[in-house]
Structures are given as structure tokens and as C-alpha cells.
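>>> My questions are about this predicted structure, shown below with the sequence.
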Amino acid sequence: MDKRSFIKHASLLSLAAPLGFAHIRQAVANTEGKTAAQLAADEEFWLGIRDDYDIKPDYINLENGYYCFLPRETLEHLISHVRAVNYEGSYYMRTVQYENKNRVANAVAEIVGCTADEVAITRNTTESLDLVIGGLDWQTGDEAVMAEQDYGAMLNHFELVARRYGVVNRLVSVPNHPRSDQELVDLYAAAITDKTRLLMISHMINITGQVLPVRKIVDMAHARGVEVMVDGAHAFSHIPFQMRDLDCDYYGTSLHKWLSAPLGSGMLYVKKQKIDTVWPLLAERDLEPNDMRRLNHIGTHPVHTDLAILDAIAYQNALGLERKAARLQYLQHYWTSRLRNVSGVKVNTPVEIFRHGGIGNVGIDAMTPQQLAEALMGDYRIYTAAIDRPGVRGVRVTPNIYTTTEELDALVAAVEALAA
Ligand SMILES: Cc1ncc(COP(=O)(O)O)c(C=O)c1O
């Protein structure tokens with residue numbers, strides 16, 4: 001490569017080198033060694049973080065679980081990536097597209113302590129997990145285990161493989177308030193037979209916010225020769241964890257949820273030695289059977305989104321995942337602790353600190369989830385999501401790091417008034 005093309009190449013690659021985020025870096029530098037737990041209760045600090053967001057004033061948004069929209073500066077970076085890629089056109093696509101995507105895989109892998117060659121950047125959790133469910137070499141009579149409280153798209157895909165290959169699905173029902181980890185391990189263990197091939201668990205159940213003891217369930221399943229696939233849609237970038245500590249075989253997540261990366265970004269992790277056991281959804285050219293790229297042939301796609309994942313990671317790293325996790329947990333405890341003992345109100349999320357993150361679910365005995373969600377929005381301008389599922393009737397409340405305790409005071413007052 002001559003000098004001119006080297007400089008050109010280097011500047012295209014540098015699109016994937018996030019700069020900026022001075023405001024949050026300074027805010028964190030000013031915290032003077034406070035621990036994450038101390039900082040979690042420091043409203044002034046979090047009001048500063050709120051300034052990083054453009055927040056719609058019409059309602060209190062307590063439904064971030066669907067999509068954690070971007071802080072202003074990440075959005076600006078995304079827009080400049082759109083411009084830059086549009087300016088370069090095919091030249092970008094043919095020169096550094098894959099190098100940059102590999103940087104993204106590296107950065108995502110670093111968050112969870114695995115290697116980039118075990119990671120595919122996908123569009124979302126649905127693509128990641130359905131790729132595994134649909135890509136295993138199912139034989140008639142094979143069994144899969146999952147929970148009634150798991151996400152619909154995955155349950156649907158298991159139903160599809162049941163119809164297509166004769167797989168038998170066994171559903172357990174996870175209690176909202178387990179007495180112990182062992183109760184949950186036993187629940188899943190009881191559904192395993194000598195035909196079970198795959199067990200799916202949610203790392204954090206999306207409708208209640210309950211965090212499952214993944215490693216204990218994985219150890220039990222592996223001891224019985226069963227692979228484990230984890231739905232991490234809500235756990236990634238919400239609670240800190242390392243993939244090797246979970247020891248699962250497959251893990252899927254959406255980066256547009258708690259990482260606040262642009263819409264349409266996700267991740268699939270497959271343990272290195274399992275990659276060659278999964279059929280790709282879309283055929284890839286001849287690659288080694290254990291090459292993760294085999295599972296990730298998606299054709300031409302919005303590559304500027306990939307680039308902005310790096311910006312989202314830079315923002316999260318500037319804040320620190322430990323600080324973010326502690327704040328989200330603090331916010332959940334802040335409002336649930338005041339509603340747990342109110343007559344006619346039911347909090348559907350476990351109380352133990354290690355069984356929840358920032359998500360909570362609350363119901364009112366005398367109202368359907370839909371009525372409650374509509375009353376909160378209609379009468380109090382509080383936006384939540386109605387959940388009417390087996391064992392879980394209430395509204396899901398998902399604050400984000402820009403949420404204030406004042407907004408949660410409004411939620412508590414509204415639920416108390418509605419229950420009365
Ligand atoms: C537990 C869980 N799994 C999977 C998904 C699907 O995520 P996506 O629509 O980003 O693919 C969601 C979405 O909310 C979820 O909550």
C-alpha cells in the first residue's frame with residue numbers, strides 16, 4: 001500500500017475509533033473515588049447524566065426495556081457515521097467494512113470476557129437465538145426445555161421446530177418469588193429427560209426483571225449432557241458478568257437495549273467448540289466449520305449501525321458498567337420497596353438484591369394490567385408496559401440511567417392512589 005492509500009485506509013478505519021464523551025468523562029472524574037453503591041444514590045450526579053439525553057417532556061418514560069434510546073452524543077456519532085459511509089459508498093464497503101466489524105466484535109467480546117471469534121454481531125436477540133434454535137440438528141423426539149415466562153419470539157421458534165422436526169418442548173413456570181436458587185435448579189432439572197437436547201433460560205426475565213442463577217442451572221444441565229442457551233436480552237450491559245463464569249453454550253442479546261446502541265444491533269455468542277454444531281440461517285461461502293462468520297452471513301446491511309456500537313460502548317465505559325448497574329438496581333429498589341406492603345398491590349419481582357437489576361413489575365389486584373397501564377398513562381402521564389402472562393399480571397417498569405427518583409415518586413404516588 002502506498003503512502004496516500006495508507007492514509008486513506010487509516011482514516012476509514014478510524015471511523016471506528018470513538019472520540020468524545022467529554023461531559024460524562026468529566027462527571028465521573030468529579031466523583032472523587034465514590035464507590036458505585038455510594039454514587040447510585042447521588043441525585044446530582046445522575047441529573048448530570050440526564051443532561052446527556054434529549055428527553056421527551058410529554059410523559060415519564062418507564063418503558064426503556066424495549067429500547068434504550070441513545071444519549072445525544074452517541075446519536076450524533078451515528079449520524080456522522082451515516083454521512084461518512086454514504087460519502088465513501090462502495091469504497092468503504094469494499095475496503096474496511098469487515099475490519100471495522102471485527103473491531104466491534106472485539107469490543108463487545110471484551111465486555112463479557114470472551115474472544116471475538118466466538119461473537120457475531122447480529123440485528124437483535126431474536127435473530128441471535130432463533131438462529132441457534134433453528135440451526136441445531138434436531139432429530140424427531142428430541143426435547144427442549146424452556147419457561148412460560150420466556151420471550152414470545154423464542155417460544156414461537158421452538159414451536160416451529162416442534163412442527164418441523166417433531167421436537168418436544170417442555171415448559172416450566174418460574175415462580176416470581178423463588179425461595180432459593182436450588183428451587184429454580186430443581187424446577188429445570190425436573191423437566192429434563194434422557195431426550196433433552198437444549199435448555200433455554202432467561203438471564204433476566206423480561207416481564208418481571210428476575211435474574212436467574214444461570215451458572216447453577218448450566219452446571220446441572222451440563223451434568224445431564226444438555227446444552228444451555230441463555231436469553232440475555234436484558235442482562236447484557238445491565239448487570240456485569242463474564243461469559244466464562246456463566247459457562248453457557250449459547251448467549252444472545254440486543255445491543256439496542258441496555259447498551260443504548262442504535263436500533264437493529266445485537267450479539268450472538270457461541271462457545272468455540274459448539275460453533276460447528278450449528279447450521280447457518282443463511283449459507284456462507286466455504287469457511288472452517290468452527291469459524292463464527294459461518295453463522296453471520298447477512299448480506300449488505302447498515303454498517304453505520306455497527307460503527308455506532310463502538311460509540312455506545314465508549315459511553316458505557318466512560319460511565320462504568322458497575323456504576324450503571326448499581327444505579328439501575330438502586331432505582332428499582334427505590335420504588336418497589338415502597339409498594340411491596342401496600343394493600344391491594346403486588347410486586348412481581350424478587351426482593352433479594354442478587355435476583356434483580358433495574359426492572360420491576362407491579363400489579364393492582366383490582367385492575368387488569370391493561371387498565372393499570374392505561375390509567376398510569378392517561379391520568380398520570382407515566383408510560384409503562386402492560387404484562388398479562390402466566391403468573392405475571394401487572395405493568396413492567398423499566399427506568400434508565402436518566403430516570404430521576406422524583407419520577408419514581410410520581411409512580412409510587414400514582415400506584416398508591418389507584419390501589420386505594
Ligand atoms: C427476554 C427477551 N428476549 C428477546 C427479546 C427480543 O429482542 P429483540 O426484539 O431486540 O430481538 C426481548 C425483547 O424485548 C426480550 O425481552
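Perfect, I can see it now.
>>> C-alpha from now on. contacts and neighbour counts both.
Fine.
>>> Report the buried residues of the lengthiest helix in the chain.
The longest helix of the chain (DSSP state H) is helix 321-339. Using 16 or more other CA atoms under 10 Å as the test for burial, helix 321-339 gives 321-336, 339.
>>> what do you get for stretch 56-73?
Within stretch 56-73, the residues that count as buried by 16+ other CA under 10 Å are 60-65, 67-71, 73.
>>> on that earlier part again, what packs against the longest helix of the chain?
Under the contact criterion of 3 or more CA pairs under 8 Å, 6 or more residues apart in numbering; DSSP states H and E, helix 321-339 touches helix 36-40, strand 345-347, helix 405-419.
>>> If you count neighbours, what's buried in the last one?
Neighbour counts over helix 405-419 (16+ other CA under 10 Å) mark 405, 407-408, 410-412, 414-416, 418-419 as buried.
>>> Quickly check these for the two that are furthest apart.
Thr405 and Ala419 (20.8 Å; CA to CA).
>>> So which residues on the stretch 251-400 of the chain come close to the ligand?
With CA under 6 Å from any ligand atom as the criterion, the stretch 251-400 of the chain meets the ligand at residues Ser254.
>>> Any idea which residue of the stretch 251-400 of the chain lies closest to the ligand?
In the stretch 251-400 of the chain, the residue that lies nearest the ligand is Ser254 (4.9 Å; CA to the nearest ligand atom).
>>> right, and the helices and strands packed on helix 321-339 - which one's nearest Asn156?
Nearest to Asn156, of all the helices and strands packed on helix 321-339, is strand 345-347, at 27.7 Å by CA to CA.
>>> what pairs with that closest one, and is each one parallel or antiparallel?
strand 360-364 (antiparallel) (DSSP bridges).
>>> ok, then the element right after the partner strand?
helix 369-380 (DSSP states H and E).
>>> For the next helix or strand after that next one, the averaged confidence score.
The C-terminal neighbour of helix 369-380 among helices and strands, as given by DSSP H and E, is strand 382-383. Per-residue pLDDT over strand 382-383 has a mean of 98.
>>> so what pLDDT did the closest residue to the residue of the stretch 251-400 of the chain closest to the ligand other than its chain neighbours get?
Leaving aside its chain neighbours, Ser254 sits nearest to Gly266 (4.0 Å; criterion: CA to CA, 6 or more residues apart in numbering). In this model, Gly266 is scored at 98, pLDDT.
>>> any idea how far Ala386 lies from Arg393?
Noted for Ala386: a distance of 8 Å to Arg393, by CA to CA, to the nearest Å.
>>> Quickly list what's touching both of the two.
Counting by CA atoms under 8 Å, 6 or more residues apart in numbering, the contacts common to Ala386 and Arg393 are Pro369.
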